[in-house]
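Peer 1: Build the 3D model from these lines:
(one chain, ligands or ions: 1)
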Amino acid sequence: MICAKCGALVDQTDKNTFTGRVIREYECCKCGHTDWEDDGVALWQVLHDANMEAADAAPAQPEPQSSQERPASFWQRLTGLFLRKG
Ligand SMILES: [Zn+2]
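Peer 2: Next up is the predicted model:
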């Protein structure tokens, strides 16, 4: 990153993720000008959101056992495919 004031290369002085986004802070070693940039969503925020979505997707109650015909599971369909071919 380049200093907006004098055009010299700036050094990264800090990196904050407490807001859920990566904020990089820079300081120009030539004129002392400080700057920052938003580097996107922090990794822990992404993981946190993924965990929240997984919790929401989990069924709240166990599946009721019914005698009615239920759609085959993915694995049943897959093994069925192999059995038909074999
Ligand atoms: Zn500068």
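
Peer 1: average pLDDT for stretch 42-57?
Peer 2: Per-region confidence: stretch 42-57 scores 85 on mean pLDDT.

Peer 1: residues in contact with it?
Peer 2: Contacts to stretch 42-57, defined as Cβ atoms under 8 Å, 6 or more residues apart in numbering, come from residues 17, 19-22. Where C-beta positions appear, they are placed from N, C-alpha and C, glycine not excepted.

Peer 1: rerun that using 6 Å as the cut-off
Peer 2: Contact with stretch 42-57 is made by 17, 20-22, as judged by Cβ atoms under 6 Å, 6 or more residues apart in numbering.

Peer 1: Looking at those, which is nearest the ion?
Peer 2: Distance to the ion across the contacts of stretch 42-57 (Cβ to the ion) is lowest for residue 22, with 22.7 Å.

Peer 1: what's the closest non-adjacent residue to the closest one?
Peer 2: Among residues not flanking residue 22 along the chain, residue 39 sits closest, at 3.9 Å (Cβ to Cβ, 6 or more residues apart in numbering).

Peer 1: Let me know the secondary structure of that neighbour.
Peer 2: Counting by DSSP: H, G, I helix; E, B strand; the rest coil, the backbone at residue 39 sits in strand.

Peer 1: Give me the below-cutoff pLDDT ranges for the protein.
Peer 2: Residues of the chain that meet the criterion pLDDT under 70 lie in 59, 63-71, 85-86.

Peer 1: What residues does it have near the ion?
Peer 2: Residues of the chain lying near the ion by Cβ under 5 Å from the ion: 3, 5-6, 8, 28, 30-31, 33.

Peer 1: how does it look with 8 Å?
Peer 2: Within the chain, the positions near the ion by Cβ under 8 Å from the ion are 3-8, 10, 28-33.

Peer 1: Farthest-apart pair in the contacts of stretch 42-57, please.
Peer 2: Spatial extent of the contacts of stretch 42-57 (Cβ to Cβ) is set by the pair 20 and 22 at 9.1 Å.

Peer 1: picking that back up, of the residues of the chain next to the ion, buried ones?
Peer 2: The neighbour-count test (16 or more other Cβ atoms under 10 Å) marks 3, 10, 28 as buried among those.
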